[in-house]
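Chemist: Predicted structure and sequence below. I'll ask about it afterward.
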Amino acid sequence: MRLLQDQTAEQKLGESLIIQTAVRILVPFIQLFGLYVIVHGHYSPGGGFQGGVILGASFVLLTLAFDQKFALKYMSEKANNILSNAGALLFTGTATLCAICYGGKFLDYSALDKLLPLGPIAWRSFGIFVIEVGVGLAVMSISASLFWLLGSNGEMDEGL
Amino acid sequence: MIWILDLMILILVVVCALVAINVKDLLSATIIFGVYSFAMCLLWAEMGAVDVAFTEATVGAGISTILFVAAILHTSRRSKD
């Protein structure tokens, strides 16, 4: 462990070709699985939170195998901020739209039937999907940026 | 539910928890804590709570272990005072 800490202090923690190639191949499949978990959240185990954590873990894996600059090329700090806020806005926006504009209760999706007449049952199913996507976006950006900030002392430059 | 499997995983959970508290090296404690999380995940999946097991596997064994490692790598071996 002392060796690890010394190497971290000198920013020379080894870059292994095997790990980098494995991560390059693995990351698209992890992200695909995360999307699957989010989209199938209301039929099977899983949902927005779990899928979001899986998507965030794929960026954490990129940061661990390469360095933080490499991961930030795929998910920049600005995009991260925008996505996390968009997720929170999608959740609260949908819930508030039901409550305020269409006279239902908070998170009562069947009230959205007046927006687009699909029938209350279809709206209940679709509303859960929208909420799950919002939760997934927020959790993905927050769990990735938690690791980035913790790993780089809050400077978002080199990372572990 | 299989009674014997339940008991075996429960014993593993308790042993992992005790070892994670008592071991001196912080990195070892973190890895054992990951094993603890995964044993809890197995226990929940075995009891039929698949959704909770999924959350435990992703958050407990995945992200929180990584966050602990990231925090530990920024500490020093001995305290300064």
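Modeler: Alright, I've got the coordinates. Numbers count the residues shown, from 1 in each chain, chains lettered A, B, ... in the order given.

Chemist: How confident was the prediction at the spatially closest residue to residue A:35 that is not a sequence neighbour?
Modeler: Excluding the flanking residues, the one nearest residue A:35 by C-beta to C-beta, 6 or more residues apart in numbering or on different chains is residue A:51, at 6.9 Å. In this view, the C-beta of every residue, glycine as well, is placed from N, C-alpha and C. pLDDT, residue A:51: 93.

Chemist: Restricting to C-alpha, output whichever helix or strand residue A:51 is part of in PDB.
Modeler: Assessed by DSSP states H and E, residue A:51 sits inside helix A:48-65. The C-alpha trace of helix A:48-65 is given here as PDB (Å, rounded to 0.1, in the frame of the first residue of the first chain):
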ATOM      1  CA  GLY A  48     -33.100   4.600 -13.100                       C
ATOM      2  CA  PHE A  49     -30.900   4.500 -10.100                       C
ATOM      3  CA  GLN A  50     -29.100   1.200 -10.800                       C
ATOM      4  CA  GLY A  51     -28.700   1.900 -14.500                       C
ATOM      5  CA  GLY A  52     -27.400   5.400 -13.700                       C
ATOM      6  CA  VAL A  53     -24.800   3.900 -11.400                       C
ATOM      7  CA  ILE A  54     -23.700   1.400 -14.000                       C
ATOM      8  CA  LEU A  55     -23.300   4.200 -16.600                       C
ATOM      9  CA  GLY A  56     -21.400   6.300 -14.100                       C
ATOM     10  CA  ALA A  57     -19.200   3.200 -13.200                       C
ATOM     11  CA  SER A  58     -18.200   3.000 -16.900                       C
ATOM     12  CA  PHE A  59     -16.700   6.500 -16.700                       C
ATOM     13  CA  VAL A  60     -15.000   5.600 -13.400                       C
ATOM     14  CA  LEU A  61     -13.500   2.600 -15.200                       C
ATOM     15  CA  LEU A  62     -12.200   4.800 -18.000                       C
ATOM     16  CA  THR A  63     -10.600   7.100 -15.400                       C
ATOM     17  CA  LEU A  64      -9.000   4.300 -13.600                       C
ATOM     18  CA  ALA A  65      -7.500   2.600 -16.700                       C
END
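
Chemist: hmm, the helix or strand just after that helix in reach of chain B?
Modeler: Downstream of helix A:48-65, the first helix or strand assigned by DSSP H and E is helix A:68-74. No: using C-beta under 8 Å from any C-beta of the partner chain, we find that helix A:68-74 stays clear of chain B, coming within 11.2 Å at best.

Chemist: what helices or strands is helix A:68-74 leaning on?
Modeler: helix A:48-65, helix A:120-151 (3 or more C-beta pairs under 8 Å, 6 or more residues apart in numbering or on different chains; DSSP states H and E).

Chemist: Save the ones you listed as a markdown table, and put in mean neighbour count too.
Modeler: As requested, those are exported to a markdown table (neighbours: other C-beta atoms under 10 Å in any protein chain shown):
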| stretch | mean neighbour count |
| --- | --- |
| helix A:48-65 | 24 |
| helix A:120-151 | 21 |
